[in-house]
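Asks: please find the sequence and the predicted model below.
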Protein chains: 2
Amino acid sequence: MKNSSETNRRDFLKKASLGVLAAISIPEIVACSQSATDNPPITLKQDAVILFQGDSITDAGRNKQNDGPNTTGHLGSGYAMLAAGRLLEKHASANPKFFNKGISGNKVFQLAERWDADCLEIKPDILSILIGVNDIWHKLDLGYDGTVEIYKNDYIALIERTKEAMPNVTLIICEPFAVAGVRAVDERWYPEFDEYRAVTKEIADMFNAHFIPFQSIFDEAQKRAPGSYWTYDGVHPSLAGAALMAEAYTSLFI
Amino acid sequence: MKNSSETNRRDFLKKASLGVLAAISIPEIVACSQSATDNPPITLKQDAVILFQGDSITDAGRNKQNDGPNTTGHLGSGYAMLAAGRLLEKHASANPKFFNKGISGNKVFQLAERWDADCLEIKPDILSILIGVNDIWHKLDLGYDGTVEIYKNDYIALIERTKEAMPNVTLIICEPFAVAGVRAVDERWYPEFDEYRAVTKEIADMFNAHFIPFQSIFDEAQKRAPGSYWTYDGVHPSLAGAALMAEAYTSLFI
């Protein structure tokens, strides 16, 4: 499998050098960003439990009183619901159960605070995490005093705790992303935000997790429509942006 | 194009006779149900306006104070939002605008009552209509006294009025569907409901409209999961059912 991944990367670089990047598909971008372990596509076993975790991008206005999996009320109106919808349709015979426990405003340490109830007790077969934007945003706007090192150490501790409780969980780590120049995302974010992104990829590789390169996905999408088409404020996706994320998410599954 | 359609139909019948219906994909089911005029796939021209019209299945809890196209608030949480999301992603460079004006409980004559404001003034390039379930359901449960003839005549008048005001509109007529045996849908629906479905197809053919055979789509889907997986009450789709509908809807577009 490694050779095939390396071939993908070579093809990617070749296309890039020829200036035909616009022709690179979302599944190709995702495939090129997997770790050196080259995880095979994810399959849904019978009655699989899939958990989305994260901040407001995952939360997406979900009804927190609604604990019923697979419903739009429970799943919210973002990428989690869109990805769940497509996988529920495609893999109906597997009867999967999709849960969303994203909470607006969360940083990594806040995931850790609620991890027993909102992750381990749910016993997901597949767990995806999208976190990191608030770890920098709240420093700029809300006086939070975290650092990239704190983010990294907290994130590693969270994954170690997860793997210890659920050694067989299939892990999807999502790259935090921002669309520079759209409302909230100004020059104060850089270059520090790039460090948060790099650390997230490093952690995905460290744990052989699947990785979704959302920054590349949004960068590439801006060749087709401006940043404001994909996100309202540079951080929260529009319906188009959420659909873009769902397209990337579902491309991990076979 | 006609030959290709006929070949599709022959393939379909051949597969059916071989007992391998389970292998027929959603796009194939949709392709086989187009009228003899064999409409080509729909393309989205620059800044295209797409309008979803119908009853509660289209409405899907949309916020009627929100007039902003392309938002989940405006589009609701049903197939219209899911189809819009996928088309917004795929056809981003066309910058399409998706509107939803479905209203819960509507029958055909109620579409007609609000057609000026909720359709003609929006000037859609593409108009889809999903109506018909309440035209029978409200007879069974709410004392409505319509007939198939009234439904047919009202529907034809509505389309004639639409074509007169907007001769170039691309029309998508959706088959009303029901999942027999799931909660609300009992033996009282049949055989009359089949007549409503047949009339709807007849009208689609009469006006060379694109047609989405939702009944076949839901029938076929029950080979993969039970009816209650796809719809809560036999009429309103679950997230899985709405995603199934969106898959069929988007297959009309190229």
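Replies: The structure has been received and is ready for your questions.
Asks: contact partners for A:Ile42?
Replies: Contact partners of A:Ile42, counting by C-beta atoms under 8 Å, 6 or more residues apart in numbering or on different chains, are A:126, A:170, A:172, A:210, A:252-254. C-betas here are computed from N, CA, C, even on glycine.
Asks: farthest-separated two in those residues?
Replies: A:Ile172 and A:Ile254 (14.0 Å; C-beta to C-beta).
Asks: please say which of those two ends up with more neighbours.
Replies: A:Ile172 (24 against 10; other C-beta atoms under 10 Å in any protein chain shown).
Asks: what average pLDDT does the helix or strand where the more buried one lies get?
Replies: Following DSSP states H and E, the helix or strand that holds A:Ile172 is strand A:170-174. Strand A:170-174 shows a mean pLDDT of 98.
Asks: partner strands of that strand and their direction?
Replies: Here strand A:170-174 has these sheet partners by DSSP bridges: strand A:126-130 (parallel), strand A:210-212 (parallel).
Asks: may I have that strand as CSV, with CA atoms only?
Replies: Extracted in CSV, the C-alpha atoms of strand A:170-174 (Å, rounded to 0.1, in the frame of the first residue of the first chain):
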residue,chain,number,x,y,z
THR,A,170,-10.7,3.8,14.1
LEU,A,171,-9.4,7.3,14.5
ILE,A,172,-9.9,10.2,12.1
ILE,A,173,-8.1,13.4,12.9
CYS,A,174,-9.2,16.5,11.0
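Asks: got a list of contacts for that strand?
Replies: Counting by C-beta under 8 Å, 6+ apart, residues outside strand A:170-174 touching it are A:42, A:54, A:125-131, A:159, A:162-163, A:200, A:203-204, A:207-212, A:214, A:249, A:252.
Asks: which of those are buried?
Replies: A:42, A:54, A:125-131, A:159, A:162, A:200, A:203-204, A:207, A:209-212, A:214, A:249, A:252 (16 or more other C-beta atoms under 10 Å in any protein chain shown).
Asks: and A:Gly112, how far from A:Met206?
Replies: Just to correct that, residue A:112 is Ala rather than Gly. Distance, A:Ala112 to A:Met206, by C-beta to C-beta, to the nearest Å: 17 Å.
Asks: sorry, that was for A:Lys152
Replies: 10 Å.
Asks: between these two, who's got more neighbours?
Replies: Using other C-beta under 10 Å as the criterion, A:Lys152 and A:Met206 rank with A:Lys152 on top: 19 against 14.
Asks: which SSE is the more buried one in?
Replies: Going by DSSP H and E, A:Lys152 is part of helix A:148-165.
Asks: which other helices and strands does that helix contact?
Replies: Packing partners of helix A:148-165 (3 or more C-beta pairs under 8 Å, 6 or more residues apart in numbering or on different chains; DSSP states H and E): helix A:108-113, helix A:115-118, strand A:170-174, helix A:192-206.
Asks: distance to A:Arg183 added to these, as a markdown table?
Replies: Formatted as a markdown table, the helices and strands packed on helix A:148-165 follow (distance: least, C-beta to C-beta, whole Å):
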| stretch | distance to A:Arg183 |
| --- | --- |
| helix A:108-113 | 24 |
| helix A:115-118 | 30 |
| strand A:170-174 | 22 |
| helix A:192-206 | 15 |
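Asks: just name the most buried of those.
Replies: Scoring the helices and strands packed on helix A:148-165 by mean neighbour count under mean count of other C-beta atoms under 10 Å in any protein chain shown gives strand A:170-174 as the most buried, with a mean of 23.
Asks: can you pull up the most central residue in chain A?
Replies: A:Cys174 (2.7 Å; C-alpha atoms, centre = their mean).
Asks: without its sequence neighbours, what residue ends up closest to it?
Replies: Excluding its sequence neighbours, the residue lying closest to A:Cys174 (C-beta to C-beta, 6 or more residues apart in numbering or on different chains) is A:Leu130, at 3.8 Å.
Asks: isn't that neighbour right up against A:Ser56?
Replies: No: at 10.1 Å, A:Leu130 does not count as touching A:Ser56 under the criterion of C-beta atoms under 8 Å.
Asks: near chain B, which residues of chain A are found?
Replies: Within chain A, the positions adjacent to chain B are A:70-72, A:75, A:77, A:81-82, A:84-86, A:88-89, A:92-93, A:95, A:221, A:224-225, A:229-230, A:238-240, A:242-244, A:246-247 by C-beta under 8 Å from any C-beta of the partner chain.
Asks: can you select the buried ones among those residues for me in ChimeraX?
Replies: Typed into ChimeraX, the line below selects the buried ones among those, using 16+ other C-beta under 10 Å:
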select /A:70,71,72,75,77,81,82,84,85,86,88,89,92,95,221,224,225,229,230,238,239,240,242,243,244,246,247
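Asks: what stretches of chain A score poorly on pLDDT?
Replies: A:1-23, A:35-37 (pLDDT under 70).
Asks: quick one: the helices in it?
Replies: In chain A, the segments counted as helices under DSSP state H are A:2-17, A:26-32, A:56-59, A:72-75, A:79-90, A:108-113, A:115-118, A:133-141, A:148-165, A:192-206, A:214-221, A:227-230, A:239-250.
Asks: who touches the fourth one?
Replies: The contact list for helix A:72-75 (C-beta under 8 Å, 6+ apart) reads A:52, A:62-63, A:66-68, A:81, A:84, A:98-100, B:77, B:239.
Asks: recalculate using a threshold of 7 Å.
Replies: If you take C-beta atoms under 7 Å, 6 or more residues apart in numbering or on different chains as the criterion, helix A:72-75 is touched by A:62-63, A:66-68, A:81, A:84, A:98, A:100, B:77, B:239.
Asks: okay if I get these as JSON lines plus distance to B:Ala180?
Replies: Below are the contacts of helix A:72-75 laid out as JSON lines (distance: C-beta to C-beta, whole Å):
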{"residue": "A:Arg62", "distance to B:Ala180": "32"}
{"residue": "A:Asn63", "distance to B:Ala180": "31"}
{"residue": "A:Asn66", "distance to B:Ala180": "28"}
{"residue": "A:Asp67", "distance to B:Ala180": "30"}
{"residue": "A:Gly68", "distance to B:Ala180": "24"}
{"residue": "A:Met81", "distance to B:Ala180": "28"}
{"residue": "A:Ala84", "distance to B:Ala180": "27"}
{"residue": "A:Phe98", "distance to B:Ala180": "27"}
{"residue": "A:Asn100", "distance to B:Ala180": "32"}
{"residue": "B:Ser77", "distance to B:Ala180": "25"}
{"residue": "B:Leu239", "distance to B:Ala180": "21"}
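Asks: could you identify the most distant pair in the residues you listed?
Replies: For the contacts of helix A:72-75, the farthest-apart pair by C-beta to C-beta is A:Asp67 and B:Ser77; their separation is 17.2 Å.
Asks: which ones are touching A:Asp125?
Replies: By C-beta under 7 Å, 6+ apart, the contact set of A:Asp125 is A:45, A:48-50, A:169-170.
Asks: mind redoing it with 6 Å?
Replies: A:Asp125 is in contact with A:48-49, counting by C-beta atoms under 6 Å, 6 or more residues apart in numbering or on different chains.
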